[in-house]
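1. after the sequence you'll find the predicted model.
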Amino acid sequence: MKTNILGLPVKESELIVNELNTLLANFQVYYQNLRGIHWNIRGKRFFDLHVKFEELYNDSQLKIDLIAERVLTLGGTPLHTFEDYIANNQLVVGKDISKDEKAIHLIVASLSELLKIERIILDKAAAINDEGTNSMMSDFIAEQEKTIWMMQAWLEE
């Protein structure tokens, strides 16, 4: 079995790179959704939600960078065009969302889809002892599960 400089199997690492690029594309769409609801939110909860959405998009921007850097660490090239993002997107694209509950539902749905992708990556990374990717996915999953719980508490669901 041929291994890369990190001691990971080359073929399996390439598969993980592909999955990470899918995650990267979906995070870019999630980020843009967050920017849109941050800009367009209206109503009595504006002040609280405007700040929360900014917190979430700043966090997602950091995660986007971490994912791209992990792709590079594994020897791949991160996706970086809108064309690639849309082609690999699995999230609902939010457009003109100004209502608080609709915005929160979009966040919950997006995070749920991101979790599915992250769990696939987690399984593949664990299978080849790719602790760097595994650790990153574990951290993302724990944070996103908590965010979903908080959003559902806000929705009273």
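-> Nice, thanks for sending it over. Residues are numbered from 1 along each chain as shown.
2. drop to CA atoms for contacts and neighbour counts, all remaining ones
-> Noted.
3. immediately after the one helix or strand Lys52 maps to, which helix or strand?
-> Following DSSP states H and E, one finds Lys52 within helix 46-73. Remark: after helix 46-73, the chain's next helix or strand is helix 82-88, criterion DSSP H and E.
4. mean confidence score for that following helix?
-> Helix 82-88 carries an average pLDDT of 98.
5. related to what we said a few turns ago, what packs against the helix holding Lys52?
-> helix 10-40 (3 or more Cα pairs under 8 Å, 6 or more residues apart in numbering; DSSP states H and E).
6. now for the helix it packs on, which elements pack on it?
-> Helix 10-40 packs on helix 46-73, helix 82-88, helix 100-127, going by 3+ Cα pairs under 8 Å, 6+ apart.
7. sorry, back to before: quick check: angle from the helix holding Lys52 to helix 100-127?
-> 20 degrees (axes from the mean of the first three to the mean of the last three Cα atoms, to 10 degrees).
8. and helix 46-73, average pLDDT?
-> Mean predicted lDDT for helix 46-73 stands at 98.
9. cool, and stretch 5-15?
-> 96.
10. distance between the ends of that stretch?
-> End-to-end distance of stretch 5-15 (Cα to Cα, to the nearest Å): 16 Å.
11. from the centroid of the chain, which residue is nearest?
-> Phe27 (3.8 Å; Cα atoms, centre = their mean).
12. circling back to that earlier point, tell me which of the helices and strands packed on helix 10-40 sits most buried.
-> Of all the helices and strands packed on helix 10-40, helix 100-127 has the most neighbours on average by mean count of other Cα atoms under 10 Å, namely a mean of 18.
13. right, I'll call it a day here.
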